[in-house]
Structure formats: structure tokens, C-alpha cells
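# only geometry, no sequence info:
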């Protein structure tokens with residue numbers, strides 16, 4: 001599963017083959033999400049969670065992480081809308097049938113290879129490539145990502161990256177503060193990633209989010225901050241490449 005160590009120049013652009021793969025994965029992911037929506041509308045699936053519109057930053061993020069770290073030094077606790085990111089990560093590392101496995105889980109039957117029908121939909125668990133179990137309560141992934149990073153540090157494993165992903169609505173929860181505090185105090189090699197689309201499940205930022213400035217928030221913890229336009233593949237790719245390289249080399253957190 002591991003690859004030879006890559007020395008990444010932050011100006012290095014993806015190859016043509018990698019860009020073609022990103023396009024294929026993004027298109028496939030959108031088609032899967034839309035198919036699941038149709039299954040729900042027809043009553044063939046009782047419940048579903050999906051994240052169409054996250055294909056650009058998903059593929060770009062996965063590709064940038066691929067350039068920096070291998071699965072043996074990596075752990076990610078994704079958001080329930082992180083399907084495209086995880087699909088791209090799996091493709092890059094030869095883990096096949098991601099879309100089929102996700103589709104099987106929608107039916108909550110024993111054919112679900114991720115949990116044999118015992119978990120909710122889009123609750124990924126693919127430890128062979130560093131994708132850690134998704135859980136229902138949003139926010140918990142941040143503490144889990146911080147804990148995974150702490151485990152790397154306790155074991156003395158260097159060059160590692162742990163990632164926890166939330167939406168902007170979850171930044172109103174205490175889990176965000178707990179994870180930032182742990183990352184700051186213990187200097188953890190963790191990326192706390194917020195996909196800010198300006199709306200939570202049932203509220204807008206004005207109704208529920210107290211953090212007005214994420215850069216200032218990170219600075220208060222002594223944590224380095226990065227920001228990019230999730231609709232711009234190249235901005236996401238280059239920013240994630242820089243942030244991930246910093247975490248891997250310095251062993252410190254970023255928001």
C-alpha cells in the first residue's frame with residue numbers, strides 16, 4: 001500500500017493522467033449522488049445523505065494529499081459529504097469499487113461491505129487506506145482526528161498527517177474548540193478542515209456561527225491558517241499541498 005517517498009515541490013502541477021482521473025472520479029461521484037437521490041424519490045432507499053457540488057475540492061484535496069503522504073502515515077475522519085474526496089483517494093491507491101460499496105450501504109443489508117448493514121448510509125470505514133469510521137453526530141470527527149494524530153506522536157511515527165473534516169455549521173459546536181485546543185497544546189500533526197458553504201443543516205452562519213474570522217480564530221490558538229476557494233481546483237490543490245506539507249514536515253496543526 002505504501003509508495004516510495006515523494007519530494008514535493010509546492011509549484012508542481014498534477015500530471016495529465018492525474019487530471020483525467022480527477023475528472024472521471026468527479027463525474028462518477030456526481031452521477032452516484034444523483035442516482036441515490038432518485039432511489040430515495042422512488043422509495044427504494046428509505047434514507048440517504050449526499051453531497052453533490054463537492055467534487056471540485058474533493059478531487060483536488062485528495063490529489064494534493066496523495067503527493068504528500070501515504071496511507072501508512074495518514075488517517076482521515078471524513079464528513080458525510082466527503083464522498084468524492086474519499087473516492088479519489090481510493091482510486092489513487094488502488095482501492096477498487098468505492099462507488100459500488102457506497103451504493104450497497106444505501107440498502108442497509110448484509111451485502112454492505114463496510115458495516116454489513118449495521119451503520120447508517122455514507123458511514124465509510126476503509127482502514128486499509130487510512131479512511132477512519134464516519135459517525136452520525138457531526139463534530140466528533142475532529143476529536144477522533146486529533147486523537148489519531150496523538151497516537152502517531154505517542155508512537156514516535158514521523159511524517160504523518162491526520163485530517164478531520166466538518167462543515168461550517170459544526171464550527172458552532174464544542175467539538176471544534178476541543179479539537180483546536182488539543183491540536184494547539186499537544187502540537188499535533190492534524191489538519192482541521194472546514195468546508196464552508198454558508199449554510200448548515202438547518203441554519204445560516206448568521207443564525208448559529210459565532211466564529212466571524214477563521215484566521216483570527218486559528219491565530220488565537222497559535223495554529224497556522226490556510227484558506228482557498230473550494231470551487232477552484234487549482235486553488236484547492238495548491239493550498240492543500242502547502243498545508244499538508246507543513247503538517248507532515250513540522251508536525252504541527254493547521255486550520
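Nice, thanks for sending it over. Everything quoted here is computed from the prediction, not taken from an experiment.
# so where do the helices sit in this protein?
Here the chain has its helices, by DSSP state H, at 16-41, 55-68, 83-92, 98-106, 140-154, 174-186, 205-208, 214-220, 233-250.
# got CSV for the ones you listed, with mean neighbour count, distance to residue 114 and mean pLDDT too?
Yep, even glycine has a C-beta here, placed from its N, CA and C like the rest. Converted to CSV, those look like this (neighbours: other C-beta atoms under 10 Å; distance: least, C-beta to C-beta, whole Å; pLDDT from 0 to 100):
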stretch, mean neighbour count, distance to residue 114, mean pLDDT
helix 16-41, 16, 15, 94
helix 55-68, 25, 18, 97
helix 83-92, 26, 11, 96
helix 98-106, 19, 6, 91
helix 140-154, 21, 16, 97
helix 174-186, 18, 23, 97
helix 205-208, 12, 31, 80
helix 214-220, 15, 32, 97
helix 233-250, 20, 26, 97
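# can the ones you listed go into TSV with extra columns for distance to residue 77?
Formatted as TSV, these follow (distance: least, C-beta to C-beta, whole Å):
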stretch	distance to residue 77
helix 16-41	19
helix 55-68	14
helix 83-92	11
helix 98-106	17
helix 140-154	4
helix 174-186	10
helix 205-208	22
helix 214-220	19
helix 233-250	15
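# With adjacent residues omitted, what lies nearest to residue 133?
With sequence-adjacent residues excluded and distances taken as C-beta to C-beta, 6 or more residues apart in numbering, residue 133 is closest to residue 125, at 4.3 Å.
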